[in-house]
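*Asks:* Would you be able to build a 3D model of this:
(chains A, B, C and D)
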Amino acid sequence: MEYTPRELMVVCAARQIHDGENVFVGMRLPLIAFALAKRTHAPNCIGLFETGTIRDEPSAELLYTMGDAPNIAGALWTTGTLNVMAPMATGDVHLGFIGGAEVDRYGNLNTSLIGDWQHPSVRLPGSGGGADIASFSQRLAIIMQHDHRRLREKVDFVTSPGYGYPDEHGPAGTSWRRRVGLPRGGPSALITTLAVFTFDPTNGEAMLQSYHPGTTIEQVQEQTGWELRLAPDCKETVPPTEHELRVIREHDPQGVWTR
Amino acid sequence: MEYTPRELMVVCAARQIHDGENVFVGMRLPLIAFALAKRTHAPNCIGLFETGTIRDEPSAELLYTMGDAPNIAGALWTTGTLNVMAPMATGDVHLGFIGGAEVDRYGNLNTSLIGDWQHPSVRLPGSGGGADIASFSQRLAIIMQHDHRRLREKVDFVTSPGYGYPDEHGPAGTSWRRRVGLPRGGPSALITTLAVFTFDPTNGEAMLQSYHPGTTIEQVQEQTGWELRLAPDCKETVPPTEHELRVIREHDPQGVWTR
Amino acid sequence: MNKRTSMASAIAQFVPDGSSVAIGLALEPLIPFAAAHEIIRQQRRNLTLIGPISDILFDQLIGAGCVEKVAAAWVGNVSEGLAHCYRRASEQSIPRSIITEDYSNFTIGLALLAAGLGSPYIPTRTLLGSDIPRKNTTLRAISSPEDGSPLLLVPAIRPDVTIIHVQRSDEDGNAHMWGNLGITEQAMLAARDVILVAEEIVPREVIVSDPNRVLGPSFKVRAVVHEPWGAHPSAVQGYYNRDHAFYHEYHTRTRTVEGYAAWLEDWVLNTPNRAAYLARLGEERVRSLGVKEHRYAAPVDYGY
Amino acid sequence: MNKRTSMASAIAQFVPDGSSVAIGLALEPLIPFAAAHEIIRQQRRNLTLIGPISDILFDQLIGAGCVEKVAAAWVGNVSEGLAHCYRRASEQSIPRSIITEDYSNFTIGLALLAAGLGSPYIPTRTLLGSDIPRKNTTLRAISSPEDGSPLLLVPAIRPDVTIIHVQRSDEDGNAHMWGNLGITEQAMLAARDVILVAEEIVPREVIVSDPNRVLGPSFKVRAVVHEPWGAHPSAVQGYYNRDHAFYHEYHTRTRTVEGYAAWLEDWVLNTPNRAAYLARLGEERVRSLGVKEHRYAAPVDYGY
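*Replies:* Okay, the predicted model is just below:
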């Protein structure tokens, strides 16, 4: 069955969600990944939205934004942003999703600016809730379009901290997060249009976990700004099932986000 | 027209409220003073209650506690304690009421304990919201039964700060409050069963402003634990009007709080 | 997930000896007396009680010897005055000595707010010049790192369990609460575990029809107990009024240790559950406390 | 007190040049576009804009040259991507240079929360290791006075005026708002002045029938403006849906300075008020955005 790169990304994102987890859902593809997970392997997961909404059922209609009316009707709780981020700050959110313009080999994400901090060549929208999700959630899944200008050795600006960088006090990874005072967490997956990376928390480095059907490790390397490290069990990404695709297309019939 | 000491105290308390003010209303007599002020000279005052309630009309029935159902029905806002105390913390509350077991000549109030801090001879209920009202409201009115064991030179424990005490850095009064870091405020009136005191903010001392009809300055002095200082215009307390008494008795027909 | 259980099992599971328990958080209304009475019947010991004001509930638990420490702004009987068991424990160590950590309503609220936000403390300017921070040394006076002005740091308090009485809840712990809320919202977000006691168990549809009315995240709720009249003698807006006479009776009867013991026999120890409690209360009294006039909220449309 | 006034007079009175303005606080829904357009028509200058994410509203004000500084977590077009005027101002100082104070949604919320509580700052552990505090130096990293661990201090932000769009309000500014609230509550308590823009003006009785639904204290409200459809193209739960096409059209037309100028002519400068705006929008489009299916909240009884 044919599918688009974005449909595959949604499937890979949904597979990051375990049943019963509290998931901080980001914009666009994660909105559909949450709906897909709910309707397949994670019927008991709960979605938290930075607008101030918590729900345990996907919205009845496709969402252009998480503040759309269908995401509010039938919610478990509609309240303020701080009330929904508070449980994340105290560790009750298992998985968070964010996207970005640039990511580096240590999972540090840039959504703020390209170039000089004071006179940027491109001013990006900024953190939104992204930096908070990256700081507080137990696991972080990053979703990005894959090309060498976006997957870089080092980002121009760390908006959302991943595993930091090696420095005089120690390596990148979980120990860096502890050094800077982050309470927990770190990236567990980087999902792109070409591949899926996981991370080695001991040094914070991204490892190629799987390459999407139709691509090769070489093609992934060409579009990646650092020298690939392969996960021991690196293999081709498991393609979407017909059922997964059917659920995605039921939820996004016009393919607004997934075409 | 006959009246009880408590009815007179309610009248004196109500007279502290200016029209249009935001008033932090305490337990018992202030609940009735707020109702009286609303129905006489201060129709536009607003009452804030530490339970998390704001209203601009007295409750339809007598309140035993500020959390009683009639105080919630028809409120302008029922919410949390922090949301109602927040405007007081930022200076939007003009007047606050509190009562206590002990007060001293500088308007420092004790509602915590009598005797030794660790092994008190009498353990009192504590601050409740009193210390916050004393810290944050622009003006403070204290309501007490008058006897020499309650109006003392110095209280055993300062629960709610008044004008502090003279110390090596300066006098009591507004300057003491500034020294300790309080943002504003201080007692403006002490209303007792025998008299009404005002305060001199330059040194924090209570001044006898008026003695209730039927008492004398001498009798007030007998029941007061410090040497009285008289306000320049010290005189007899203006008795309640018939209208004031009628409103009080409409509101408290059984005289639960005012007999 | 269905979290319905009995009061007995909820207390047995989630309120072990030594727990820190936030309870009575809406001030005078919605006080979970049924839960406190079950704690007494199960003879819990060495509890830390956390709350703003406690309208005789803390007094009952202290008198029964369940309590080691109290972190509160006020402990008494709002319509009657002092709390006799609290006095006896503080003044004469009867039935045991207790540690009292004094707060104000604002600072106990800030302590729970800080815990819920994952912040170690919240700075404030209340209580500066008060003796409360000198007695409760967890409250630390510092100079502002910004301008050197005096500040009071209120450290986060994270209760092991928060017990909340609500008007209605579904079986998963999605609940509607209305009336004044006190510091209930902060205590729910601050707690590790939450026990909900509900006047009514309603279908999920009722709750999700009005998500702005919901108290907090149900994923923090461990147990949902259906206990009608479980807050008596305190008030539950829309269900029953405060039983002022009950507070007066308690105040009068508990002046002596013996009097408290007898009161406890009558209303808790020889009253195995809430049904028996209501029977003792009597139909006439129950009826007299009920709602006389309904006042329904204006409609709200979540449609699109 | 009757605080009803026109949008023109509300902006003229309470949003002078140089004001700090908190607006667009519920994130994607309930964005006060009508107020922003009036600010543009009155040619306000040197404003500081405060908000979490701004879904094209900040972009419009920046493009019109009203803005000196932006304190926000995100500035863009949620369903379309980047904000062109924000980019031009930041990258090429067109129409003027702007100062950007970067926050995250959590920290901008904490800054307003702190102001409302009268606290100078709130400490948190978010953004540790992020470059945001290195760029926005108002966010200060310190060592915890308790255990020396790293902390970020988020200083209070006190807006001169907070502008809020609500579903319904009475003439005194007692208002009901529902749906996701973002950081609206904190911004209301933090502000010196509040302007309410309401879809409906209702009798006081409607509001006080449900005091738990009320947004905040009306004594902070200076002006109440009745402006139906005043939040279009954003959504107002129970009244109208988000006009996704409008955001797409804005994104496409404003790629160039000239395109933005033409868009502004069409929708703001040559559209003197909201009535004219609705006429331009057209009956058909307005109807298509309306509520298709009503979903009423379950009844709630405040009786006693």
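*Asks:* mind listing what residue 247 touches?
*Replies:* Assuming you mean chain A. A:35, A:36, A:39, A:40 (C-beta atoms under 8 Å, 6 or more residues apart in numbering or on different chains). Where C-beta positions appear, they are placed from N, C-alpha and C, glycine not excepted.
*Asks:* Can you look at chain C instead?
*Replies:* Contacts of residue C:247 by C-beta under 8 Å, 6+ apart are C:55, C:56, C:77, C:78, C:79, C:80, C:233.
*Asks:* now with 7 Å?
*Replies:* C:56, C:77, C:79, C:80, C:233 (C-beta atoms under 7 Å, 6 or more residues apart in numbering or on different chains).
*Asks:* Residue C:56 and residue C:77 touch, don't they?
*Replies:* Yes - the criterion here is C-beta atoms under 7 Å, and residue C:56 meets it with residue C:77 at 5.1 Å.
*Asks:* overlap in contacts of these two?
*Replies:* With C-beta under 7 Å, 6+ apart, residue C:56 and residue C:77 have common neighbours C:83, C:247, C:250.
*Asks:* In the stretch 151-259 of chain A, what residue comes closest to chain C?
*Replies:* The stretch 151-259 of chain A approaches chain C most closely through residue A:183 (7.1 Å), counting by C-beta to the nearest C-beta.
*Asks:* residue contacts, the residue nearest to residue C:242 when sequence neighbours are not counted?
*Replies:* With sequence-adjacent residues excluded and distances taken as C-beta to C-beta, 6 or more residues apart in numbering or on different chains, residue C:242 is closest to residue C:235, at 4.1 Å. Applying C-beta under 7 Å, 6+ apart to residue C:235 gives the contacts B:67, B:68, B:69, C:29, C:241, C:242.
*Asks:* With residue A:223 instead?
*Replies:* So residue A:223 contacts A:146, A:147, A:148, A:151, A:194 (C-beta under 7 Å, 6+ apart).
*Asks:* ditto for residue C:107
*Replies:* Applying C-beta under 7 Å, 6+ apart, the residues contacting residue C:107 are C:124, C:126, C:127, C:139, C:154.
*Asks:* In strands only, show me these.
*Replies:* Using DSSP state E, C:124, C:154 are the members of these that sit in strands.
*Asks:* and the nearest residue in space to residue A:94 that is not next to it in sequence, how many neighbours?
*Replies:* Leaving aside its chain neighbours, residue A:94 sits nearest to residue A:21 (4.0 Å; criterion: C-beta to C-beta, 6+ apart). Neighbours of residue A:21 under the rule other C-beta atoms under 10 Å in any protein chain shown: 19.
*Asks:* for residue C:294, same thing?
*Replies:* So residue C:294, with other C-beta under 10 Å, has 11 neighbours.
*Asks:* do residue A:230 as well
*Replies:* 13.
*Asks:* Next, it: phi, psi?
*Replies:* Backbone torsions of residue A:230, given as degrees, to the nearest 10, read phi -90, psi 140.
*Asks:* Do I have it right that it meets residue A:206?
*Replies:* No - between residue A:230 and residue A:206 there is no contact under C-beta under 7 Å: 10.6 Å.
*Asks:* contacting residues around residue A:78?
*Replies:* A:52, A:53, A:72, C:211, C:212, D:179, D:180.
*Asks:* Buried subset of these, written for PyMOL?
*Replies:* To isolate the buried members of those in PyMOL, using 16 or more other C-beta atoms under 10 Å in any protein chain shown:
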select buried, (chain A and resi 52+53+72) or (chain C and resi 211+212) or (chain D and resi 179+180)
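*Asks:* Out of the contacts of residue A:78, which is nearest to residue D:217?
*Replies:* Of all the contacts of residue A:78, residue D:217 sits closest to residue C:212, with 18.0 Å by C-beta to C-beta.
*Asks:* part of a strand, is that closest one?
*Replies:* No - residue state for residue C:212 (DSSP: H, G, I helix; E, B strand; the rest coil) corresponds to helix; a strand is not indicated.
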